[in-house]
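Q: Okay, structure incoming, though there's no sequence with it:
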């Protein structure tokens, strides 16, 4: 990525020298970075189009150091941006130029795995996949499996309420986390949830999930572990027509089946993936569906039979069922590699993340094709079809003048349509800085104001991850005026 | 906007201006739960009906005053249901009351709690604003997850007008089995089975008998039945048994003695605090007697918390209904209450005296 876009930020005025000096006293020398060359690797997350150097980078090694950092920042009123593995795609971990970027990468211990209770206690910097690896000897695993699971960390998963390809049946992060231990901006230790299934008072644990680092700094997480199903098999169905594939998704649900995974890829995505991964996808198909069943061997046999019958009745041109675990993983490898595969055929791409009611899938695809022509940019589509979550990958070249702007406008149009079709601007990637303006499409000024009051309930001075997640009211008004040509107000305002 | 909602907005504004309190109420089936009702009634039952239901989307949206029986019947007609088996506690139960109480039934151990099925909500804030959060889709991370925050908030944050919930297909097959076993052994077995792919959808231990319910594909239920080798329970008896736990009509719940609910790690050993009924694989335990202080202390020591689920007002006032919060959490609770209900109009004291 060659182009660098800086971010419009709220300014924070405080004694910068005092902040640096105080943090130097508190932290080991190697745990505080202040030189540009040292901080450069931290200037963005997965949303690489936006880069920003922070004032300082802190790398605490434990909760006590993290607490000390927060106390100083709170006292001096300096902003703080938490960061995990920075695989996020919405700019949730983009640094703030006035603030301290707090990387939790060194808090990476798996504290305990309790096979009888089926829980694991981990620090926020533990990678998603390594939780499942630690649980594997006991026949258990951690169910949420975002495509970035090799690299992304549990702290980030909680902050974004990460999903994955199996969440229709096994839920999102919010459904698989029992407890979050964290620090308020004041540095007070707080426990959201506990080792039981619920906690007294408001469900703050639910609120923490997906709060994008705006409410508290996470220092420890207790996750639920799930027994590994005895068997899993996946069916690949190819369709000569995207609309039929979309209808097949609805028919599977209507038949009372909740697949363990239900994914869709369109022709452009198949053509990006197949030469890269050799997953065995049908290159002639307009769309393919991957439909997984898991459980006991008896259950899987019964369910695969029912799935196959529905897919055939829905007009699938070809159907293949994985015959062994190696083949199942190969079929999934294509889907999981979709983003990097698209990255190979284009200099840059923007990944959208709207969710719509399943029945509107075909309509959305038609609209995306039209937009693709309008903006003269290619777009490959991969969907978590089972839960209506779309990932259109808009391909562009940042070195070509105007392409990033066109790509951004294309993306915004998709998100506007997602809201109009009864859905949301983000299903699992978060708002971050990327979609902050589009929030005004989905929420009224009164709702946005309520979000600000909620944030203030945790963080009175707005120091935790400022400028992310929720737009200021002024920004909402500007966006709406620009959208409507300065005349009337948008339908929801 | 309907006249009814306009009237409520007026009622809220009047109450806020004059410093009066409002008690939001549906069918009153769960009025026993939480602190005593205070202030003038705001009856939501007039705002009823299913707004949208499409079985292939697995989502239903219903107004707060919709009777739960009406919602259940509409879902059953399409072979679907609220899989967390919310207790009704009477024929008058409403959707709004279900959300406000946040309670889940026997299947919670297998499918998750009510809050796991909440997708969206529309509410009136204490400032009389109509606000909508979440939506009607399975995955949605735009804005804070206010809908789940409302689950179990006992009406302290606003008047819920409408709720969108995830629904699931009814299980294909179910079978219940029984074992004669003591409490410690039952807890041991429940946790061991919990770590294996056995399709257990509910469990209960009481008075030396452990009952399990298996749900899923016919073949899977039959296979599990063979492996577990318990005594089969006749289908009609099984249905009646699980219903009696869900609705607390089982003999264990009879009488006026206080009822304590302990929410514990499933692996917590027997509490030895008196006659006990265990559900949710060991994670939910009911007690009929005991010293409030001792119960609360034991629950915390075990890693969970205790709720005075049913009790008279004097005991509730003395012991508090819910486990006290730590200072930072109590501060966040007060701030959140203020954020949604700045004048403290709604359901004051139903959860904690200061909210």
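A: Noted; the coordinates are in hand. Model, not experiment: these values are computed from the prediction.
Q: I'd like to check which residues are in contact with residue A:270.
A: Under the criterion of Cβ atoms under 8 Å, 6 or more residues apart in numbering or on different chains, the neighbours of residue A:270 are A:281-283, A:285, A:288, A:334. (Glycine included, C-beta is placed from N, CA and C.)
Q: and what of residue B:58?
A: The neighbourhood of residue B:58, defined by Cβ under 8 Å, 6+ apart, consists of A:253, B:80, B:138, B:166-168.
Q: where's it relative to residue A:386, distance?
A: As judged by Cβ to Cβ, to the nearest Å, residue B:58 and residue A:386 stand 9 Å apart.
Q: ok, now residue B:284?
A: 30 Å.
Q: Ok, residue A:478 next?
A: Counting by Cβ to Cβ, the gap from residue A:478 to residue A:386 is 37 Å.
Q: Return the list of helices and strands in contact with the strand or helix carrying residue A:288.
A: In this structure, residue A:288 is located in strand A:287-295 according to DSSP states H and E. Counting contacts by 3 or more Cβ pairs under 8 Å, 6 or more residues apart in numbering or on different chains; DSSP states H and E, strand A:287-295 packs against strand A:231-239, helix A:242-254, strand A:261-266, helix A:297-313, helix A:325-336.
Q: Kindly reformat those as a markdown table containing mean neighbour count, distance to chain B and mean pLDDT.
A: Below are the helices and strands packed on strand A:287-295 laid out as a markdown table (neighbours: other Cβ atoms under 10 Å in any protein chain shown; distance: least, Cβ to the nearest Cβ, whole Å; pLDDT from 0 to 100):
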| stretch | mean neighbour count | distance to chain B | mean pLDDT |
| --- | --- | --- | --- |
| strand A:231-239 | 23 | 9 | 97 |
| helix A:242-254 | 21 | 4 | 91 |
| strand A:261-266 | 26 | 11 | 95 |
| helix A:297-313 | 18 | 3 | 94 |
| helix A:325-336 | 18 | 16 | 93 |
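Q: Distance to residue A:208 for the ones you listed - can I get that in CSV?
A: Formatted as CSV, the entries for these read as follows, by distance: least, Cβ to Cβ, whole Å:
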stretch, distance to residue A:208
strand A:231-239, 31
helix A:242-254, 30
strand A:261-266, 26
helix A:297-313, 34
helix A:325-336, 27
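Q: which one of the ones you listed lies closest to residue A:375?
A: Residue A:375 lies closest, by Cβ to Cβ, to one member of the helices and strands packed on strand A:287-295: strand A:261-266, at 17.2 Å.
Q: Which SSE is immediately downstream of that closest one?
A: Note on strand A:261-266: by DSSP H and E, the next helix or strand toward the C-terminus is helix A:267-277.
Q: quick one: that next one to chain centroid distance?
A: Using Cα atoms, centre = their mean, to the nearest Å, the distance from the centre of helix A:267-277 to the centre of the chain it belongs to is 22 Å.
Q: before we move on, back to that, okay, now the sheet partners of the strand holding residue A:288, with direction.
A: Each strand pairing with strand A:287-295, determined using DSSP bridges, is listed with its direction: strand A:231-239 (antiparallel), strand A:261-266 (antiparallel).
Q: Please state the mean pLDDT value computed over that strand.
A: With pLDDT averaged residue by residue, strand A:287-295 scores 96.
Q: For that strand, list every residue counted as buried.
A: In terms of neighbour count (16 or more other Cβ atoms under 10 Å in any protein chain shown), strand A:287-295 has its buried residues at A:287-295.
Q: Adding distance to residue A:349, write these out as CSV.
A: Formatted as CSV, the entries for these read as follows, by distance: Cβ to Cβ, whole Å:
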residue, distance to residue A:349
A:287, 19
A:288, 20
A:289, 23
A:290, 21
A:291, 26
A:292, 26
A:293, 32
A:294, 31
A:295, 36
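Q: Among those, find me the one that's closest to chain B.
A: Taking Cβ to the nearest Cβ as the measure, chain B lies nearest residue A:295 of the buried residues of strand A:287-295, at 6.0 Å.
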